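[1] output the structure for:
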Amino acid sequence: MNNLQQTVRVGLFFLLGLALIWVTFETLSGGKIFKDKGYTVIAGFDTLKSLKPGDEVRMAGVKVGEVQRTQLAGRRAEAILRIDSNVKIKADAVATISMQGLIGTNSISIDLGSMNVPDLEPGAEIRTRESADLNTVMSQIGDLGKKLEGALGSLGSALTGDGKSPGIVQKVDQLVTENRENVQKTTSNLASISDKVNKGEGTLGKLINDPKLHDELVSTLGDIKQGAAEAKTFLANAQSIVDQVKAGKGPLGTLVFDQKAGDDLKATIATLRDVSDKISNGQGTLGKLLNDDSMLRDAQSIMKKADRALDGLDDTGPITALGVVARGLF
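    Purely as a prediction, here's the structure:
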C-alpha cells in the first residue's frame, strides 16, 4: 500500500513537471518546436531609441515577427527585422518605432501599404518614418510649461501692474471710480426710460403697449411689402421691354436696331427740314401765304367785297342777288 501511494505521488510530481515545462515552452517559443526562420528586412532610423533584439514587429496590430538584431551603419542605426514567412510586406509600406504604453517596451509598427504594389523582397530595405519618443515628448511638454509660465507671468503683470505702471485691474477700478457719477446717471436714465416704456409713454412705449398702433405698423409693413412687390413687377416689365428693344421687336426696337427704319426716319426728317426751309424762304403756296403780305391783303379785300355783297342781298331776289355778288367780287 505504501508503495502504491509513493508511485502515485511520483507520477503526479512527474505530470506537474511536464505541465511546468509546457507552460515555459509556450511562454518562450509560442508553442512552436521548430521556430520559423522567415525572412529579414532592413529598417534604417536616425536613432533606434530603446529598441532591442527580441522586440515585436507588428502589422495592423498583429505580431508578424521580431527584431533580430540592431547595428550601426555609417551615420544611422539599422534594425534587422525577421518577418514570418507567411506574411508579405508591400514595397510602399512604412515602418515606425512605436511605444507599448508609457513604461512598456518599444516595437516596430508596419502599415499595410497599397494592394496593387509588389511585395518587398527578402533582405530589402523598408521605408521608415521617424516618430517622437517619450523623452522628446516630455522635453516638448517641459518647454511648453516654461512658455506657459512666462505667458501667465506676463498676464499677471498686465492685470496687476509691475510697480511702475498700473495694471488693467487698477485702470478699470480708476475708470469706474472717476465715472461713478456718470454711471449712476446713466443707470437712472435707463430706469426712467424703462418705466416710461412700461407705462406706454413715447413712441416705443405706445408701440409696445398699444395693440392698435402695432396693427397699424403691421399694416404699413404689409403695404410696403406690396409696394416692393409691385416695384419688382414694374422692374420685371421694364426689363422685358428692354429685352424686346434689344431683340429689335416693337416700334422702338425696330427704330433702334432696324437699319432700314433708321434710314427711312432720317429721310423723313430730311424731307421735313427741306419743306420747313422752303416755307421759311417763301417758296410754294404755303410759304408765300406765310411770307407774302400782298396775298393777305388780297384775301382781306375779297372778304370785304363779299361782306358788302351780302349786305345788298337783303332786298333783292335770287337772280338779282347773284348779279350783285358777281359785281361785288369782280
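[2] before we move on, which element is Arg127 in?
    In this assignment (DSSP states H and E), Arg127 forms part of strand 125-128.
[3] quick one: average pLDDT of the next helix-or-strand element following that strand?
    Moving toward the C-terminus from strand 125-128, the next helix or strand (DSSP H and E) is helix 134-160. For helix 134-160, mean pLDDT is 73.
[4] equivalent analysis for stretch 97-117, please.
    The pLDDT scores in stretch 97-117 average 83.
[5] what lines up beside the strand holding Arg127 in the sheet?
    Looking at strand 125-128 with DSSP bridges, its partner strands are strand 39-45 (parallel), strand 94-99 (parallel).
[6] show me how the protein divides into domains.
    The chain breaks down into these domains under automatic domain parsing: 1-35, 38-131, 136-175, 259-291, 293-329.
[7] those: lowest mean pLDDT?
    domain 293-329 - the lowest mean pLDDT of those, at a mean of 60.
[8] how many residues are close by the residue nearest to Gly113 when sequence neighbours are not counted?
    The spatially closest residue to Gly113, leaving aside those adjacent along the chain, is Lys90, at 2.8 Å (Cβ to Cβ, 6 or more residues apart in numbering). C-beta: built from backbone N, CA, C; applies to glycine. Residues within reach of Lys90, counting by other Cβ atoms under 10 Å, total 18.
[9] what backbone torsions are found at Lys90?
    Phi and psi for Lys90, reported as degrees, to the nearest 10, are phi -70, psi 150.
[10] any idea how far Ser276 is from it?
    For Lys90, the distance to Ser276 equals 97 Å [Cβ to Cβ, to the nearest Å].
[11] now the nearest residue in space to Gly202 that is not next to it in sequence: which helix or strand?
    Leaving out its chain neighbours, the residue that sits closest to Gly202 by Cβ to Cβ, 6+ apart is Lys196, at 5.5 Å. Counting by DSSP H and E, the element that carries Lys196 is helix 180-199.
[12] tell me what that helix is packed against?
    If you count contacts as 3 or more Cβ pairs under 8 Å, 6 or more residues apart in numbering; DSSP states H and E, helix 180-199 packs onto helix 202-209.
[13] report the rounded mean pLDDT for the helix it packs on.
    Helix 202-209 comes out at a mean pLDDT of 69.
[14] now do whichever strand or helix holds Asp274: which elements does it pack against?
    Using DSSP H and E, Asp274 sits within helix 259-280. Here helix 259-280 touches helix 250-257, helix 284-291, going by 3+ Cβ pairs under 8 Å, 6+ apart.
[15] keeping just the C-alphas, turn that helix into CSV.
    Extracted in CSV, the C-alpha atoms of helix 259-280 (Å, rounded to 0.1, in the frame of the first residue of the first chain):
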residue,chain,number,x,y,z
GLN,A,259,-31.2,99.9,-90.3
LYS,A,260,-33.9,100.5,-93.0
ALA,A,261,-36.3,102.0,-90.5
GLY,A,262,-33.5,104.3,-89.3
ASP,A,263,-32.7,105.3,-92.8
ASP,A,264,-36.4,106.0,-93.6
LEU,A,265,-36.7,108.1,-90.4
LYS,A,266,-33.6,110.1,-91.4
ALA,A,267,-35.0,110.6,-94.9
THR,A,268,-38.4,111.8,-93.5
ILE,A,269,-36.6,114.2,-91.1
ALA,A,270,-34.5,115.5,-94.1
THR,A,271,-37.7,116.0,-96.1
LEU,A,272,-39.5,117.8,-93.3
ARG,A,273,-36.4,120.0,-92.9
ASP,A,274,-36.4,120.8,-96.7
VAL,A,275,-40.1,121.7,-96.6
SER,A,276,-39.5,123.9,-93.5
ASP,A,277,-36.6,125.6,-95.3
LYS,A,278,-38.8,126.3,-98.3
ILE,A,279,-41.6,127.6,-96.2
SER,A,280,-39.2,129.9,-94.4
